[in-house]
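S.K.: turn this into a model:
(chains A and B)
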Amino acid sequence: MTLSPLARRVLAVLTFGVLALIYLPLLVVVANSVNPSQSMTWPPDGATLEWWRRAAHSDGAREALVTSLQVAAISTLIALVLGTLLALALQRYSFFGKDSVNLLVILPIALPGVVTGIALNNGFKGILGVDLTLWTIVVAHATFCIVTVFNNVQARLRRMGTSLEEASADLGAGVFTTFRLVTLPQLRSALLAGGMLAFALSFDEIIVTTFTAGNGATTLPIWILNNMFRPNQAPVVNVVAVVLIVFSILPVWLAQRLSSDVEAAR
Amino acid sequence: MSATSAPHDARPGRSTDPALRGPVDRPGSRLLHRMVWLRLSLLLSAPLAWMVLVYVVALAALLITSLWSVDSLSSEIDRSWTLDNFRTLLENEVYRDVTVRTLAVAAAVTVIDVAIALPIAFYMAKVATPRVRRMLVVAVLTPLWASYLVKVFSWRVVLSEGGLAEWSGLGSPGYGLTAVVITQAYIWLPYVILPIFAALERVPDSLLEAAGDLGAPTGMVLRSIVMPLLIPGIVAGAIFSFSLTMGDYITVNIVGGASQMLGNLVFINAGAANNLPLAAAIAMIPIVVMLVLLTAIRRTGALENM
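M.R.: Down below sits the predicted model:
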């Protein structure tokens, strides 16, 4: 098949055009964080750091940031352990019901967010009768973060093959020694990448969080949602949005770097 | 994997693993080495218990709750079986309208995203040089992980009165269903590009060259060779955008004006209206839709593309 130069050019223009459009709204948010107009009219006339100063002094935003970091850290830890165990089981063994387990892991992200949200809300409030706290958010987040760790580790295990592990066993290493000295070191960057993606996923999540967060725990996205419609808070929300962009893009960029380094070293 | 969790009382004589090779001195390790099923169940028990206890039980409980009702006087949950909630869903026009609207928005978003994603994925996988391709993959992936809420918020800002859309001369549709479709199509686009790109990358170039050499015009190559191989990727991307749109209610709140989707009804009934059973019943609608879709596509192999 040969594409005419015109077709190639049209495709290129389309691709780069759409990509530019994807980044445009995010850039508008960044630009608006220094927009002196409180109602964020476009184009901004001048620049100010007033909103950044106000955001830095906003107790609500700071507390929400700490809550978000706590939730994301704990959920990521749980997801790392459970996702790795699952990946090892599904990639290294075949057993009855394997497909169902595979589907079960995907389900929390394949089903619509409100479904996961209302199911857990109903489970906590209606069935167990527990109050919604930071821990109910953690349980919810860990459940859908498992799949990102699982995907990363499973892909790595598939590429690794089993020959090194077999060699280790042949040379007399026990099951745990082999895992610690042979399997785990090879998984390290996959775990780091999967963990960072899980962290970013949890840090951003809003739909399931609105169903599983009580009055006591406000994550950063919930704080944004609560303050977005207040005219005098909108510029501060805008600044927090920029912080959120940085916090979610950095780990992903690092995860990308990690996996591409590994590709290169392979 | 914990070294202490191996039980020591199981009999070591029942080895099922013929490949028992190295001399192993610790009994726990030796046992695990021999007993594949024991190793497997130790690996599986914790994550499976979590997924079943947290998720499967919660989904089952949701189904049961949808068959309960709320006492209108005491607003306590009445745990006797009834189909009243589902009768309400079928008979009340509001629910029918909102369901149709939600499915229509989800379908529109999916169609738009697939239409935009196809040429972009094709350019990335088959036209761009490897260096540009790597760059494009990162460029598509990065906004995927940028905060969902920030992306919706940014469209609220762009579409606002005196915002970028009005200033640019294109005009803003204002807050409403059109804004919801635009915003959702924007947010889920990377989720559709990536599986299609992955599917395209697996199509060997030699196949396309062979077809070209044998005289097939470009359109025919795309139609009868590329498309069939792309179906799993397209289906995976479509499922993502459809499901994500259907389950969303934050976007509607922020840019949707007064319009509502299924998610809003679920959220209002679970919270302010204090009617968990009805909320559970409404949530059954997207679950049933998704289960039907997932069963229908299972054969296409799209699930492995997710």
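
S.K.: mind pulling up the pLDDT for the closest residue to chain B within the stretch 101-250 of chain A?
M.R.: Per Cβ to the nearest Cβ, residue A:112 is where the stretch 101-250 of chain A lies closest to chain B, at 2.1 Å. C-beta: built from backbone N, CA, C; applies to glycine. You'll see residue A:112 listed with a pLDDT of 83.

S.K.: so who does the spatially closest residue to it that is not a sequence neighbour touch?
M.R.: Spatial nearest neighbour of residue A:112, excluding adjacent residues (Cβ to Cβ, 6 or more residues apart in numbering or on different chains): residue B:247 at 2.1 Å. Contact analysis of residue B:247 by Cβ atoms under 8 Å, 6 or more residues apart in numbering or on different chains lists A:111-116, A:207, B:263, B:286.

S.K.: ok, residue B:39 next?
M.R.: In this structure, residue B:39 makes contact with A:93, A:175, B:32, judged by Cβ under 8 Å, 6+ apart.

S.K.: these two touch, right, the last one and residue A:177?
M.R.: It stands for residue B:32. No: between residue B:32 and residue A:177 there is no contact under Cβ atoms under 8 Å: 11.4 Å.

S.K.: so which of those two has more stuff around it?
M.R.: Neighbours were tallied for residue B:32 and for residue A:177 using other Cβ atoms under 10 Å in any protein chain shown; the higher tally belongs to residue B:32 (22 against 17).

S.K.: residues touching the more buried one, list them.
M.R.: For residue B:32, counting by Cβ under 8 Å, 6+ apart, the contacting residues are A:175, B:6, B:38-39, B:42.

S.K.: so which helix or strand takes in it?
M.R.: helix B:27-34 (DSSP states H and E).

S.K.: for the next helix or strand after that helix, list every residue counted as buried.
M.R.: Sequence order places helix B:36-50 as the next helix or strand after helix B:27-34, per DSSP H and E. Burial within helix B:36-50, assessed by neighbour count using 16 or more other Cβ atoms under 10 Å in any protein chain shown, is assigned to B:36, B:38-40, B:42-44, B:46-48, B:50.

S.K.: okay if I get these as TSV plus pLDDT?
M.R.: Formatted as TSV, these follow (pLDDT from 0 to 100):
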residue	pLDDT
B:36	80
B:38	85
B:39	84
B:40	87
B:42	87
B:43	88
B:44	89
B:46	92
B:47	91
B:48	92
B:50	91
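
S.K.: nearest residue to residue B:38 in space, please, no chain neighbours.
M.R.: residue B:32 (6.0 Å).

S.K.: residue ranges of each domain in chain B, please.
M.R.: Domain assignment of chain B by automatic domain parsing yields the ranges B:1-49, B:91-305.

S.K.: deepest of the ones you listed, which one?
M.R.: Among those, ranked by average contacts under mean count of other Cβ atoms under 10 Å in any protein chain shown, first place goes to domain B:91-305 (a mean of 19).

S.K.: show me how far that one is from its chain's centre.
M.R.: How far domain B:91-305 lies from its chain's middle: 10 Å, per Cα atoms, centre = their mean, to the nearest Å.

S.K.: got it, and stretch A:91-103?
M.R.: Taking Cα atoms, centre = their mean, one finds the center of stretch A:91-103 at 25 Å from the center of the full chain.

S.K.: between the two ends of it, how far is it?
M.R.: Start-to-end span of stretch A:91-103 (Cα to Cα, to the nearest Å) is 14 Å.

S.K.: with adjacent residues omitted, what lies nearest to the residue in the stretch 1-150 of chain B that chain A sits nearest to?
M.R.: Here the stretch 1-150 of chain B gets closest to chain A at one residue, residue B:29, 3.2 Å apart by Cβ to the nearest Cβ. Excluding its sequence neighbours, the residue lying closest to residue B:29 (Cβ to Cβ, 6+ apart) is residue A:174, at 3.2 Å.

S.K.: tilt between the longest helix seen in chain A and helix B:36-50?
M.R.: In chain A, assigned by DSSP state H, the helix with the most residues is helix A:59-92. Angle between the axes of helix A:59-92 and helix B:36-50 is 150 degrees (criterion: axes from the mean of the first three to the mean of the last three Cα atoms, to 10 degrees).

S.K.: what does the helix or strand following helix A:59-92 contact?
M.R.: Counting by DSSP H and E, the next helix or strand C-terminal to helix A:59-92 is helix A:98-110. Helix A:98-110 is contacted from outside by A:86, A:89-90, A:116, A:143-144, A:146-147, A:150, B:44, B:48, B:51-52, B:55-56, B:239, B:243, B:290, B:294, B:303, B:306, using Cβ under 8 Å, 6+ apart.
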